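Peer 1: have a look; sequence and predicted model below, questions after that.
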Amino acid sequence: MPTRPATTAPTWRCSPARSARARPSRSGSPRPTAARPATSPSTRRRTTRPTSSCTAATTRRPRTAPSTSSTSSSDRSNVPLRAAPDLAGLRVGTALDVRRGAVTRVLVVDDDRSIRRSLEKFLASEGLDVITAADGPEAMRVAPGADVILLDLGLPGADGFEVLRDVRAAPHPPPVIVVTARDDMQSTVKAIQLGAYEYLVKPIDIDRLRLVVRRAAESRDAERTLGQFVARESESFQVGNIIGRSAAIREVYKHIGAVSTSKASVLMLGESGTGKELVAKAIHYASADRDKPFVAINCTAFAPGVLESELFGHVKGAFTGAIGDKVGRFELAGAGTLFLDEIGELPLELQAKLLRVIQERTFERVGDGRPVPLRARIIAATHRDLTAMVERG
């Protein structure tokens, strides 16, 4: 009998079981057979197979001996982690690497070789790239290439505080997680003041360490993304992107350079379509706060009652429909820039409140009497002749 060609699914060749079907008798009539009881597919899978000689047409894979871990009991005896016996059984490649297509590099700094080896094995089993350092000078030398640093405080050559101070002085420092046996207030306070991301005390809880490293890697990735965004925005809104060679535009350039070095409030006057918001962004991205938010609001886009809530925010129950707290634009701007477009259309009652905010550098949410400090620079723009409007009353 010709055989069928092999397919992706296994092709089974079966010789029927003797009790499965009737054989023809010598007289030519089939012999009667007993009827099979009906079974469901799940029941049929649990029952014993009939005695048929079925073999798979595909080639069976050879069995391989189960792999054994190379970590001996002596290696785990000094592991400073609370779940030390489970280190060899941890899953490999969990979601600690938050950047797609890149592996988070972790620097482990500790003068104890057994602790370095234990942390290295654990972090490697989580899918991370691990490098180690045994003293302070070596840690400061390799720290620029790390995304996250696990730092002990008691180090030869230079103590952990000196290493932490050196790392945090870099332009874009990685988050530093202090891992130490010092469980006292002075060390904890000093480490946090120097910029430590977290302070963990030995022996380390594995679940806590995993969570902290993941969050530190995520914060590092978010900082890189923000830096790339700020670089793109700064390039898009540089003064050089404002085209013009006339004497008037040169005066604009001078004003941008002058006000970008301070946090002074700015009022811009000009006709609609002359690029007032473009100049406001140029001031923001030329200042030292270019990595802070730039928040813009058009004062003509909201009704007077809604505009107050948009600017200052409100608390739950401040008015009908206030079902929760709302953060206003002054808070959203943080230490960046708040651009108030068409300030000449602001209602008279809001003008008085805005004047007080600029003078006192504090504001209050609607329905809340607690003052909130204003940290943002205010840049306002209008196409109206404000001097003529004041004279008309």
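Peer 2: Great, that's in hand. Numbers count the residues shown, from 1 in each chain.

Peer 1: can you map out the helices along this structure?
Peer 2: In the chain, the helices defined using DSSP state H lie at 41-46, 73-76, 113-125, 136-142, 160-168, 185-193, 206-236, 247-259, 276-286, 304-312, 329-332, 348-360, 386-392.

Peer 1: any chance of these in TSV, with mean neighbour count, mean pLDDT and distance to residue 374 too?
Peer 2: The way it works is simple: take the backbone N, C-alpha and C, and place the C-beta from them, glycine included. Listed next are the helices of the chain as TSV, based on neighbours: other Cβ atoms under 10 Å; pLDDT from 0 to 100; distance: least, Cβ to Cβ, whole Å:
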stretch	mean neighbour count	mean pLDDT	distance to residue 374
helix 41-46	8	44	69
helix 73-76	12	38	56
helix 113-125	19	92	43
helix 136-142	18	93	40
helix 160-168	20	93	28
helix 185-193	14	90	26
helix 206-236	15	77	22
helix 247-259	13	83	18
helix 276-286	21	89	16
helix 304-312	18	86	10
helix 329-332	20	92	6
helix 348-360	13	89	6
helix 386-392	9	86	22
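
Peer 1: nearest to residue 320, out of those?
Peer 2: Of all these, helix 304-312 sits nearest to residue 320, with 10.7 Å by Cβ to Cβ.

Peer 1: among the helices of the chain, which comes closest to residue 379?
Peer 2: Evaluated over these, closeness to residue 379 peaks at helix 276-286, with 4.6 Å, by Cβ to Cβ.

Peer 1: quick one, the closest one and helix 247-259 angle?
Peer 2: Counting by axes from the mean of the first three to the mean of the last three Cα atoms, to 10 degrees, helix 276-286 lies at 40 degrees to helix 247-259.

Peer 1: adjust the sequence numbering to begin at 668 for everything that follows.
Peer 2: With the count now opening at 668, the last piece we talked about shows up as helix 943-953.

Peer 1: same for helix 943-953, what does it pack against?
Peer 2: Applying 3 or more Cβ pairs under 8 Å, 6 or more residues apart in numbering; DSSP states H and E, one finds that helix 943-953 makes contact with helix 873-903, helix 914-926, strand 933-936, strand 961-965, strand 1004-1008, strand 1044-1049.

Peer 1: any buried residues in stretch 820-827, and which?
Peer 2: Residues of stretch 820-827 classed as buried by neighbour count (16 or more other Cβ atoms under 10 Å): 820, 822, 825, 827.

Peer 1: spatially, which two of those residues are the most separated?
Peer 2: 820 and 825, at 10.9 Å, using Cβ to Cβ across these.

Peer 1: including distance to residue 781, could the buried residues of stretch 820-827 go into JSON lines?
Peer 2: Below are those laid out as JSON lines (distance: Cβ to Cβ, whole Å):
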{"residue": "820", "distance to residue 781": "18"}
{"residue": "822", "distance to residue 781": "16"}
{"residue": "825", "distance to residue 781": "22"}
{"residue": "827", "distance to residue 781": "18"}
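
Peer 1: ok, so of the residues you listed, who is nearest residue 1007?
Peer 2: residue 827 (47.3 Å).
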